[in-house]
Structures are given as C-alpha cells and as structure tokens.
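S.K.: Sequence first, predicted model second:
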Amino acid sequence: MALSVEKIQQYLVEVEEAAEDIISDQQEIICLDRRRNTNREALRQFQTKSTEKQATTTKNWICIGNMFMRLPKPHIVESIERDEETVINIKFTFSEQKQLDTEIKNLRNGLRNKVNRLNDLEDKQETIGTNIKPLTQEEWKAVRKALGN
C-alpha cells in the first residue's frame, strides 16, 4: 500500500513540474514579446516623425537602465542602427530584436514538446496541430506550380 502511495505522489510531482515548466515558459514568452514590441515601437518612433531640421536640433529622452538621459536624436538613431555598442549602451538595438525573435521562437518550439509530455503524463491525446510547421519557399513554389499559378 505504501508503495502505491509513493507512486501516486511521484506521479503528481511529475505532472506539477511539467505544468509549472509550461507556465514559466509561457510567462517568459510574454515578457520577451512585450520587450520586443517596446523595442520595435522605440525604433519606429526614432525613425519617423522627423524632418532634417529637427533631426539635427532635437534632443530626446531615453532610459538606459535606471537612468534617463537627454541626447541628440542623431546620436540615438545612429547608435540604434549600428550593430555595435557605443559610448551609450542603448538597450534596444536591431541585433537585440533578432535575438529576442530567436529566443521566442525557441521557447515556442520547446513549449510544444512540453505540452505533449504533460499530455502523455496525464494520459491525454497529443494536442492536434502543435507540430505543424509552415511551408518553405521551395514548397510554396511547388504548390503554385502544381496549381498552375
């Protein structure tokens, strides 16, 4: 009898750990996605709404870590567009956007496996559609060719 109680307890621990892992990954995806969108908005804001005259005279506030700084717009835009660290270490760069996209993609791909593992532990069927991948460009060309487009 004690052995079966231990097995049940171990089973519940495994299910809880799997579920907690899924929830933490989902939260991480949400945080990274918010950060990616905020970075995208900041980059877009600096790239638009400026004339040549404003671009040379306007100073903008930026937040670097816990500190706000007012810097000339050309320096900010230049450091955002360059893919290297400059005198000011601005947090939103294009390379960071690519890195965030990669991290989100990896977490989402790993999430599929974790959900399937949890379903296996709970003796449920595999979630339909979780392993679907988009067609590549070559596959799309073949489809268009087969359809005569």
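M.R.: Okay, I see it.
S.K.: alpha carbons only for contacts and neighbour counts from here, please
M.R.: OK.
S.K.: Distance from the chain centre to whichever helix or strand residue 14 is part of, please.
M.R.: Residue 14 belongs to helix 2-47 when assigned by DSSP states H and E. Taking CA atoms, centre = their mean, to the nearest Å, one finds helix 2-47 lying 12 Å from the centre of the chain it belongs to.
S.K.: Now do it: which elements does it pack against?
M.R.: Packing partners of helix 2-47 (3 or more CA pairs under 8 Å, 6 or more residues apart in numbering; DSSP states H and E): helix 73-81, helix 94-121.
S.K.: Average pLDDT for it, rounded please.
M.R.: The average of the pLDDT scores along helix 2-47 is 86.
S.K.: To residue 58, which of the helices and strands packed on helix 2-47 lies closest?
M.R.: Residue 58 lies closest, by CA to CA, to one member of these: helix 73-81, at 5.8 Å.
S.K.: If you average the pLDDT over that closest one, what comes out?
M.R.: 67.
S.K.: Now do the contacts for the residue nearest to the spatial centre of the chain.
M.R.: Using CA atoms, centre = their mean, the residue of the chain that lies closest to the mean C-alpha position is residue 104, 3.1 Å off. Each residue near residue 104 by CA atoms under 8 Å, 6 or more residues apart in numbering is listed here: 29, 32-33.
S.K.: Swap in 6 Å and give it another go.
M.R.: Listed by CA atoms under 6 Å, 6 or more residues apart in numbering, the contact partners of residue 104 are residue 29.
S.K.: Quick check: the gap between it and residue 26.
M.R.: As for residue 104, its distance to residue 26 is 10 Å (criterion: CA to CA, to the nearest Å).
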